[in-house]
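>>> sequence and predicted structure are below.
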Amino acid sequence: MNAQLHDVSASSWLGAPIDARSLFAPEHAALMTTLRGLAPADWGREAVPGWNVRDLAAHLLGDFYGRLARDRDGHRDGPSFVPGETLEAFIHRINQEWVDACRRVSPAVLTDTLDLVGGQVARFFETTTPNAPSLGVSWAGIDPAPMWLDTARDLTEFWTHRQQIRHATGQDTDPGPRLLSVVMDTFMRALPHTLREVTAPAGTQIQVRIDGPAGGSWTATATGTRWSLAEPGNGHPAAVVGLDTETAWRLCTRGIQPNSALVHARIDGNRQLAEAACQIVSIIY
């Protein structure tokens, strides 16, 4: 990886850096416990539209291989854009191609391979430099992104897919606050980009408050040129959106749509600004 340091001041509007490096090992352990506890019939249950549990596990394996090949090994071969293809279309296409190819792989082989390669991924992330430049994070509106955000983004993806497997097999969301609190903090870094089309006087603040031990509050402030999470949140927000954790993470990953989230939200102040904040999405969608 290029050792050149990213200009931290250029991304200060994203808020304080998140250090997710030590969390990949416990997340991976939780994934393996989940997969090894599945019954044979569980692997065929729909996890997300169009993919069953085995497909989603194969997708995770593709993510693991891609990260190690690209960032640990410097491997540059692989799929490329076709003319006129958007980033979203490209990602969805290559993900589907990988999942289709893996349908010949049994659940047992997938599980064992995920265990082996996932451990390498966890060890790789422990060695990364947080402020080094890395892959762009489109839903946060930054390219290149600092490695700390790219790293935290991958943790949220792995965590989200594990929840989707849990839900498909009749289990609730893992409530453990150690991982979930970092996931929610990362998801909220999409807030300034979400509000990029919202015009408001400089100093206007919108605050999102998430309940529970994994929650917190995030304040986006209009600066005149963009919305920022770096400004002090000690003013009087023009709008406050309160969400429970389950609603918040499902909204950010489009497990539910904004209108459904608004039904459960507690809104104080300017409703139009609150509704704009609830358009947040923290995945490539």
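Right, received. Where do you want to start? Numbering: from 1, shown residues only.
>>> burial of the closest residue to R72 other than its chain neighbours, as a residue count?
Closest residue in space to R72, ignoring its immediate chain neighbours: F124 at 5.0 Å, by Cβ to Cβ, 6 or more residues apart in numbering. Where C-beta positions appear, they are placed from N, C-alpha and C, glycine not excepted. With neighbours defined by other Cβ atoms under 10 Å, the count for F124 comes to 18.
>>> got the CA coordinates for stretch 91-98 in PDB?
The C-alpha coordinates for stretch 91-98 follow below in PDB (Å, rounded to 0.1, in the frame of the first residue of the first chain):
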ATOM      1  CA  ILE A  91     -20.100  -3.600  -8.000                       C
ATOM      2  CA  HIS A  92     -23.400  -5.400  -8.400                       C
ATOM      3  CA  ARG A  93     -22.300  -7.100 -11.600                       C
ATOM      4  CA  ILE A  94     -19.000  -8.500 -10.200                       C
ATOM      5  CA  ASN A  95     -20.600  -9.500  -7.000                       C
ATOM      6  CA  GLN A  96     -23.200 -11.500  -8.900                       C
ATOM      7  CA  GLU A  97     -20.600 -13.100 -11.100                       C
ATOM      8  CA  TRP A  98     -18.600 -14.300  -8.100                       C
END
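>>> average pLDDT for that stretch?
Across stretch 91-98, the average pLDDT comes to 96.
>>> next: stretch 137-150.
Stretch 137-150 comes out at a mean pLDDT of 97.
>>> centre of the chain versus it, how much separation?
11 Å (Cα atoms, centre = their mean, to the nearest Å).
>>> and that stretch, end to end?
This stretch, stretch 137-150, spans 7 Å end to end (Cα to Cα, to the nearest Å).
>>> dead centre of the chain: give me the residue that sits there.
With distances taken as Cα atoms, centre = their mean, T156 lies nearest the centre of the chain, 3.8 Å away.
>>> what's the first helix or strand after the helix or strand containing that residue?
Using DSSP states H and E, T156 falls within helix 147-168. Sequence-wise, the next helix or strand downstream of helix 147-168 (DSSP H and E) is helix 177-187.
>>> which residues of the stretch 51-200 of the chain fall in strands?
51-52, 133-134, 145-146 (DSSP state E, counting those that start in this stretch).
>>> and G15, which of those is closest to it?
When the strands of the stretch 51-200 of the chain are compared for distance to G15 using Cβ to Cβ, the nearest one is strand 145-146, at 11.5 Å.
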